[in-house]
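Asker: Got a sequence here, can you model it:
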Amino acid sequence: MKAHNKVSGDTYAAAKELNRRGELRALVPLLKHPLVTVRERAAAYCLPVATEVAVVTLEEVAAAHKFPEFLKASRTLDYWRNGQYCAFPDDPKQIRI
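Answerer: Okay, here's the model as predicted:
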């Protein structure tokens, strides 16, 4: 769990920096990565910049029922579709994507 939390934090920090630079599209190639965790996280961060392919990727991950990624993908899609998804919740602007 400690390793998972560190990797999750590192991934979040990298995506947040790409967002700050306006370069989230750099994550789009990761939507085809062989590891489901990589695809799920990349798709979540790519929603505002590559919506169609990110949604398809999240739907595929959710349909695969591989725990825990399918739960995260399903939840992300629900938040996105309900207008409640915020990729970077610690952003002081709390911009809803």
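Asker: distance of residue 52 from residue 43?
Answerer: Distance of residue 52 to residue 43, given as Cβ to Cβ, to the nearest Å: 11 Å. Bear in mind the C-beta positions are built from the backbone N, C-alpha and C, glycine included.
Asker: again, but for residue 57
Answerer: Applying Cβ to Cβ, the value for residue 57 to residue 43 is 4 Å.
Asker: Excluding chain neighbours, what is closest to the residue nearest the centre of the chain?
Answerer: In the chain, the residue lying closest to the centroid (Cα atoms, centre = their mean) is residue 44, at 1.9 Å. Excluding the flanking residues, the one nearest residue 44 by Cβ to Cβ, 6 or more residues apart in numbering is residue 76, at 4.8 Å.
Asker: looking at it, the one you found is touching residue 61, isn't it?
Answerer: No: with contact defined as Cβ atoms under 8 Å, residue 76 does not count as touching residue 61 (9.2 Å).
Asker: shared neighbours, those two?
Answerer: Here residue 76 and residue 61 have 40, 43 as joint contacts, going by Cβ atoms under 8 Å, 6 or more residues apart in numbering.
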